[in-house]
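Novice: missing the sequence, but the structure's below:
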């Protein structure tokens, strides 16, 4: 109990420091670094949630782009101003009830939350039949779900405006919203992972038959992980569309799932710490690597700019990782207060030991 | 009536048959196990012993016949519900949660009794925190009793083989079973370790008030601790009796060594 309270205080202190730093960044840094940081925070929300299914429960899902799309469209429909709605849907009118209202800025949190709820509902819907399948079949079913959402987004014009999508979505997703969501997602997912439910999830990952024989309700436990993941996927989607202020079906293609897969595998499947760090790392690298997509002149050789070259770099990185460092950067390691405190204690111990030795020798 | 409640039957297999395609793996198998008994199931390789276990614990549903545990018909129940009803098992090839610590392996088995909701765990609400601490205390207590407390924070996969076997039994005990099924607990052990295991099995039966049903090839263990032995071959029961009776039964000898032809 004593230890738990200490950890709680330390966590709250860390969050306070983080938000002070954000406040400083918000007032002192330019638009570009803040944009990268916000994108990173959104990746963290989505990746941490995705890791709960793929890393901690060990179920190979390929569906997070579908949940992000559900959340993204929900939030966009809720916060897009009425005037903008009339302007965007010029081929066919927007369907009721979305044509009659629009959330004001102070209800942005609710809009994102409802995006999350839609993501969770989507996960529930696809999870019930999918978790009767194992291994590759689950991957295929969830992949199919993402594709279905893509097709629906392209064709349900009264709801999604089809391939044209929406533009002029208000940019409510400032650093506080994005980092707030990242903090909540990380805390909730790590709480789950360290709880009895999380142990049941890891037991399923390690040996499903043994887990079931020890009384774990396998189907229910997988669903809990999957629906939680769908919820935060939806939240991430909602934040993302408000960050980039536009939405179209191509934003949530399989490429999005692939990005998240790179993040969680690079960070270490099952390591929440890894997902947080590589989530930001991925956002940063995506910007830094824009260089490789620009036209390059090496002496007489001229390479024209190739859009998508960044993904080639990431893919090569992933292949190298799979060959040389299969468990990812962090394996299943988690940064915890216990670990930090024990490291501090060890270093303090070493220092005291050195001091003692010095006094002895002198 | 008095005698019946004292020697009450805890598990009944009632004419159980299971077929996989054309193969009859277990054929018309019936068995009563009384509360507190230590019963052994032996037979040559491929006789269908593990299949019998898989039927009892719900991994397989029998083609016909019934499984009755403490008066309830549990035929066709899901394995996790059977575990919750009070039957735990170990596996022929150790199946630990290798990525988890020794303590966490035992704690997984307590998950079925968790009352706090998922949201309560996700937000670490007081009711969950309290329950988790109680579960940890019980888990440590159990590890203490089976002599694994010193290894609580080790990864289960990194333990030596004998300790892994012991942990698997501890994990099964953590579900609070009344009937424990042990599938070849002495497999891969040396004679010294087997002797320790025999003492361990007898001790946990008394301490945890268990009924034990075990499969074993090590005859020293089977003859040493089982009170009653059932022999099956090709899915059919061929003999039952005390260790002495089984050792001298000609059908058992024939099944193990082959029959002489005249």
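Specialist: Okay, I see it. Keep in mind it's a predicted model, so treat the numbers as computed, not measured.

Novice: Is residue B:39 in a helix, a strand, or coil?
Specialist: Following DSSP: H, G, I helix; E, B strand; the rest coil, the label given to residue B:39 is strand.

Novice: Does it touch residue B:229 like I think?
Specialist: Yes. Residue B:39 lies in contact with residue B:229 (CB atoms under 8 Å); the separation is 7.3 Å. In short, each C-beta sits where N, CA and C put it, glycine included.

Novice: out of those two, which sits in the busier spot?
Specialist: More crowded of residue B:39 and residue B:229, by other CB atoms under 10 Å in any protein chain shown: residue B:229, with 23 against 19.

Novice: host element of the more buried one?
Specialist: Following DSSP states H and E, one finds residue B:229 within strand B:228-233.

Novice: Could you do residue B:135 as well?
Specialist: Secondary structure (DSSP H and E) places residue B:135 in helix B:126-146.

Novice: what helices or strands is that helix leaning on?
Specialist: helix A:196-206, helix B:102-108, helix B:118-122, helix B:161-173, helix B:191-207 (3 or more CB pairs under 8 Å, 6 or more residues apart in numbering or on different chains; DSSP states H and E).

Novice: TSV please, covering those and showing mean pLDDT, distance to residue A:304 and mean neighbour count.
Specialist: Listed next are the helices and strands packed on helix B:126-146 as TSV, based on pLDDT from 0 to 100; distance: least, CB to CB, whole Å; neighbours: other CB atoms under 10 Å in any protein chain shown:
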stretch	mean pLDDT	distance to residue A:304	mean neighbour count
helix A:196-206	96	46	25
helix B:102-108	96	55	26
helix B:118-122	94	50	19
helix B:161-173	94	59	21
helix B:191-207	93	70	15
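
Novice: Can you redo those as CSV, where the extra columns are distance to residue B:145?
Specialist: What follows is the helices and strands packed on helix B:126-146, written out as CSV (distance: least, CB to CB, whole Å):
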stretch, distance to residue B:145
helix A:196-206, 21
helix B:102-108, 11
helix B:118-122, 27
helix B:161-173, 8
helix B:191-207, 7
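
Novice: Of all these, which one comes closest to residue B:63?
Specialist: helix B:161-173 (27.1 Å; CB to CB).

Novice: Who are the packing partners of the helix or strand that the closest one is followed by?
Specialist: Downstream of helix B:161-173, the first helix or strand assigned by DSSP H and E is strand B:179-183. Counting by 3+ CB pairs under 8 Å, 6+ apart, the packing neighbours recorded for strand B:179-183 are helix B:49-56, strand B:87-89, helix B:161-173, strand B:211-215.

Novice: Make CSV out of the ones you listed and add distance to chain A.
Specialist: Formatted as CSV, the helices and strands packed on strand B:179-183 follow (distance: least, CB to the nearest CB, whole Å):
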stretch, distance to chain A
helix B:49-56, 10
strand B:87-89, 6
helix B:161-173, 6
strand B:211-215, 15
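
Novice: Including distance to residue A:148, could these go into CSV?
Specialist: Compiled in CSV, those are given as follows (distance: least, CB to CB, whole Å):
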stretch, distance to residue A:148
helix B:49-56, 38
strand B:87-89, 41
helix B:161-173, 41
strand B:211-215, 48
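
Novice: do you know which of these lies nearest residue A:337?
Specialist: Here helix B:161-173 is closest among the helices and strands packed on strand B:179-183 (CB to CB), at 27.6 Å.

Novice: Other residues contacting the closest one?
Specialist: Helix B:161-173 is contacted by residues A:214, B:88-91, B:94-96, B:102, B:105-106, B:108-109, B:142-143, B:146-148, B:151, B:156, B:159, B:180, B:182, B:185, B:188-189, B:193, B:197, B:200, B:204, B:208 when judged by CB atoms under 8 Å, 6 or more residues apart in numbering or on different chains.

Novice: Among those, the buried ones, what's the ChimeraX command?
Specialist: With 16 or more other CB atoms under 10 Å in any protein chain shown as the criterion, this ChimeraX line picks the buried residues out of the contacts of helix B:161-173:
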select /A:214 /B:88,89,90,91,94,95,96,102,105,106,108,109,142,143,146,148,151,156,159,180,182,185,189,193,197,200,204
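
Novice: Might you enumerate the residues of the stretch 151-262 of chain B proximal to chain A?
Specialist: Contact residues, the stretch 151-262 of chain B versus chain A (CB under 8 Å from any CB of the partner chain): B:171, B:172, B:174, B:175.

Novice: now with 10 Å?
Specialist: The stretch 151-262 of chain B has residues B:155, B:156, B:157, B:168, B:171, B:172, B:174, B:175, B:176, B:177, B:181 near chain A, with proximity defined as CB under 10 Å from any CB of the partner chain.

Novice: now those in a markdown table, with distance to residue A:238?
Specialist: What follows is those, written out as a markdown table (distance: CB to CB, whole Å):
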| residue | distance to residue A:238 |
| --- | --- |
| B:155 | 39 |
| B:156 | 40 |
| B:157 | 40 |
| B:168 | 46 |
| B:171 | 42 |
| B:172 | 45 |
| B:174 | 42 |
| B:175 | 42 |
| B:176 | 44 |
| B:177 | 47 |
| B:181 | 50 |
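
Novice: Pull out the buried residues from stretch A:159-172.
Specialist: In stretch A:159-172, counting by 16+ other CB under 10 Å, buried: A:159, A:160, A:161, A:162, A:165, A:166, A:167, A:169, A:170, A:172.

Novice: Next, the distance between the ends of that stretch.
Specialist: End-to-end distance for stretch A:159-172, by CA to CA, to the nearest Å: 22 Å.

Novice: Please enumerate the strands of chain A.
Specialist: Assigned by DSSP state E, chain A shows strands spanning A:166-167, A:246-247, A:296-298, A:301-303.

Novice: I'd like the distance from the last one to the chain centre, please.
Specialist: Pointing back at strand A:301-303 there. Distance, stretch centre to chain centre, for strand A:301-303: 37 Å (CA atoms, centre = their mean, to the nearest Å).

Novice: pLDDT below threshold where in chain B?
Specialist: For chain B, applying pLDDT under 70 flags the ranges B:1-7, B:259-262.

Novice: most centrally placed residue in it?
Specialist: For chain B, the residue nearest the mean C-alpha position is residue B:181 (1.4 Å; CA atoms, centre = their mean).

Novice: is it true that that residue touches residue B:56?
Specialist: Yes. Contact status for residue B:181 versus residue B:56: in contact at 6.4 Å, counting by CB atoms under 10 Å.

Novice: shared neighbours, the two?
Specialist: Common contact partners of residue B:181 and residue B:56 (CB atoms under 10 Å, 6 or more residues apart in numbering or on different chains): B:11, B:87, B:89, B:213.

Novice: Can you name the residue of the stretch 1-150 of chain A nearest to chain B?
Specialist: Residue of the stretch 1-150 of chain A nearest chain B, by CB to the nearest CB: residue A:4 (6.8 Å).

Novice: So that residue sits against residue B:129, correct?
Specialist: Yes. Judged on CB under 10 Å, residue A:4 makes contact with residue B:129 at a distance of 6.8 Å.

Novice: Where do the helices of the stretch 201-350 of chain A begin and end?
Specialist: For the stretch 201-350 of chain A, the helices defined by DSSP state H, counting those that start in this stretch cover A:208-213, A:218-244, A:254-267, A:272-288, A:309-324, A:337-361.

Novice: mean confidence score for the longest one?
Specialist: For helix A:218-244, mean pLDDT is 96.

Novice: swap in the fourth one?
Specialist: Averaging pLDDT along helix A:272-288 yields 91.

Novice: for that helix, packing partners?
Specialist: In terms of contacts (3 or more CB pairs under 10 Å, 6 or more residues apart in numbering or on different chains; DSSP states H and E), helix A:272-288 is packed against helix A:31-51, helix A:175-194, helix A:254-267, helix A:309-324.

Novice: check contacts around residue 76.
Specialist: Picked chain A for this. Each residue near residue A:76 by CB under 10 Å, 6+ apart is listed here: A:98, A:111, A:115, A:160-161, A:165-167, A:169-170, A:237-238, A:240-242, A:245-247.

Novice: hmm, I had chain B in mind actually
Specialist: Contact partners of residue B:76, counting by CB under 10 Å, 6+ apart, are B:55, B:58, B:60, B:61, B:62, B:66, B:67, B:82.
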